[in-house]
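Student: everything below, folded, please.
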Amino acid sequence: MCYDGLMLFAGFEHPLLTCCGHGGKYNYNVHLGCGGKITVNNTEILVGKSCKDPSKRICWDGVHYTEAANKWVFDQIVEGRFSDPPIPLRMACQKQR
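Tutor: The predicted structure follows:
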């Protein structure tokens with residue numbers, strides 16, 4: 001299951017809850033995921049629906065990160081927050097004179 005404790009403080013809500021899925025404690029069921037349907041009285045019903053605002057979730061479907069979470073990680077890398085020393089990418093690739 002995708003999860004990163006750092007993202008709790010980045011404006012994301014419900015860090016363990018998937019955006020698209022159905023059932024279980026974390027809106028995740030390995031047998032009934034995003035786009036999953038059940039049949040009731042010979043009628044298929046879509047139950048694996050997407051959340052209203054994926055930009056506020058970390059995990060898309062229990063396996064993949066949302067676009068918003070991937071952008072957050074990208075921004076941290078570009079700003080040098082995961083580097084040692086913490087050098088923004090725009091400065092790390094400059095030609096030395």
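Student: what sits up against the top helix by length along the chain?
Tutor: Ordering each helix of the chain by length in residues (DSSP state H) puts helix 67-78 first. With Cβ atoms under 8 Å, 6 or more residues apart in numbering as the test, helix 67-78 has contacts from 2, 4, 7, 10, 12, 54-59, 65, 82-83, 88-90. (Glycine included, C-beta is placed from N, CA and C.)
Student: pLDDT of it, averaged?
Tutor: Here helix 67-78 scores 93 as its mean pLDDT.
Student: what residues sit buried inside it?
Tutor: By neighbour count with 16 or more other Cβ atoms under 10 Å, helix 67-78 contains the buried residues 68-69, 72-73.
Student: could I get those residues as a markdown table with distance to G36?
Tutor: Formatted as a markdown table, the buried residues of helix 67-78 follow (distance: Cβ to Cβ, whole Å):
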| residue | distance to G36 |
| --- | --- |
| A68 | 23 |
| A69 | 22 |
| W72 | 27 |
| V73 | 27 |
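Student: just give me the neighbour total for the residue nearest to W60 when sequence neighbours are not counted.
Tutor: Distance criterion Cβ to Cβ, 6 or more residues apart in numbering; nearest residue to W60, sequence neighbours excluded, is T66 at 4.8 Å. The tally of other residues near T66 (other Cβ atoms under 10 Å) stands at 22.
Student: cool, and G48?
Tutor: 20.
Student: quick one: contacts for it?
Tutor: Here G48 is in contact with 20-22, 32-37 (Cβ under 8 Å, 6+ apart).
Student: who wins on neighbours among those?
Tutor: Going by other Cβ under 10 Å, G21 tops these with 27 neighbours.
Student: need the pLDDT of that one.
Tutor: pLDDT at G21 comes out at 94.
Student: how about I87?
Tutor: In this model, I87 carries a pLDDT of 85.
Student: that one against E79, yeah?
Tutor: No. Counting by Cβ atoms under 8 Å, I87 does not reach E79; the two are 9.4 Å apart.
Student: roughly how far apart are the residue nearest to W60 and G11?
Tutor: 12 Å (Cβ to Cβ, to the nearest Å).
Student: identify the contacts common to these two.
Tutor: By Cβ under 8 Å, 6+ apart, no residue touches both T66 and G11.
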